[in-house]
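K.L.:
Predicted model, plus sequence, below.
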Amino acid sequence: MGEASIPSGYSADSELDHEGPDPVWLQLAAVLLSRIERGDYPENRPIPSIAGLVQEFGIARGTVQKTTAFLEDRGHVRIVPGKGVFVVPRGDR
């Protein structure tokens, strides 16, 4: 995941394009980051569960896990085992 970057052109309301040029997990990263920036997911609060994102986007659990790990590596979220994935405050990113 080291060299991957979040693609542009996706908004908080975008649907994932399973046939598009960008990997689905990066599309999901762009959508989730857009939702974080828009305030849909407030700082220090959890984003929807993995199961919830699987259901919303119709993707595999592993795809969601790859996305959340990617966002954690970049400092946007913090994964707390057994609790969820939490939005990191802007000042800490």
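P.N.:
Structure received. Numbers count the residues shown, from 1 in each chain.

K.L.:
quick one: pLDDT of residue 1?
P.N.:
Per-residue confidence at residue 1 stands at 52 (pLDDT).

K.L.:
Could you do residue 4 as well?
P.N.:
Here the pLDDT value assigned to residue 4 is 87.

K.L.:
In contact with it: list those residues for me.
P.N.:
Counting by Cβ atoms under 8 Å, 6 or more residues apart in numbering, residue 4 makes contact with 23, 26, 70. Placement of C-beta: from N, CA and C, glycine included.

K.L.:
For residue 87, state which of those residues is nearest.
P.N.:
Using Cβ to Cβ, the shortest approach to residue 87 within those belongs to residue 70, at 14.7 Å.

K.L.:
I'd like the list of the contacts of residue 4 that fall within strands, please.
P.N.:
Among the contacts of residue 4, the subset assigned to strands under DSSP state E is empty.

K.L.:
In this protein, where is pLDDT below threshold?
P.N.:
The chain contains residues with pLDDT under 70 at 1-2.

K.L.:
circling back to that earlier point, got a PyMOL select line for the buried ones in the contacts of residue 4?
P.N.:
The command below creates a PyMOL selection of those among the contacts of residue 4 that count as buried (16 or more other Cβ atoms under 10 Å):
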select buried, resi 26+70
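
K.L.:
for the contacts of residue 4, which one is nearest residue 79?
P.N.:
Proximity of these to residue 79 (Cβ to Cβ) peaks at residue 70, which lies at 11.0 Å.

K.L.:
Quick one: the helices in this protein, in order.
P.N.:
For the chain, applying DSSP state H gives helices covering 24-38, 50-57, 61-73.

K.L.:
Contacts for the last one next, please.
P.N.:
Residues outside helix 61-73 that contact it (Cβ under 8 Å, 6+ apart) are 1, 4, 24-26, 28-29, 32-33, 47, 50-51, 53-54, 57, 77-79, 85.

K.L.:
can you check the shortest one too?
P.N.:
Outside helix 50-57, the residues that touch it by Cβ under 8 Å, 6+ apart are 16, 28, 47-48, 59-61, 64-65, 68, 85.
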